[in-house]
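> The following block contains a protein sequence and its predicted model.
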Amino acid sequence: MLKVNVYVTLKKEILDAQGLVIKKAIKQIGYENVGEVRFGKFIQIEIDDNGKNEEEIKKEIDYLSDKLLANPNIENYKYEIVRN
């Protein structure tokens, strides 16, 4: 069994309304040294590798990320595979 941590964020050219709200709230509580804030999603998946090699696992993660976890029109994703 291995864990995959998937990080999904808006593409740079997409306005991040949630990030702007968070930045404003941070400044309202007195932290003025904050620059850009981007909001994203963190998804952790446990996968039974069933003897698959790393390339096969990466293809599966890319497929899941492209089709389900991220909207490729407005979001980027990256992931890390954590072996126990």
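That came in fine, so what should we check first? Numbering: from 1, shown residues only.

> Per-residue pLDDT of the residue in the chain sticking out farthest from the centre, please?
Largest separation from the mean C-alpha position in the chain: Gly30, at 28.2 Å (C-alpha atoms, centre = their mean). Turning to Gly30, the model gives it a pLDDT of 96.

> What helix or strand is it located in?
Under the criterion DSSP states H and E, no helix or strand holds Gly30.

> Name the nearest residue to Pro72, sequence neighbours excluded.
Spatially, and ignoring its direct neighbours in sequence, Pro72 is nearest to Asp66 (5.7 Å; C-beta to C-beta, 6 or more residues apart in numbering). For glycine as for every other residue, the C-beta is placed from the backbone atoms N, C-alpha and C.

> if we can go back for a sec, so what does the residue farthest from the centre of the chain have for phi and psi?
Backbone torsions of Gly30, given as degrees, to the nearest 10, read phi 110, psi 0.
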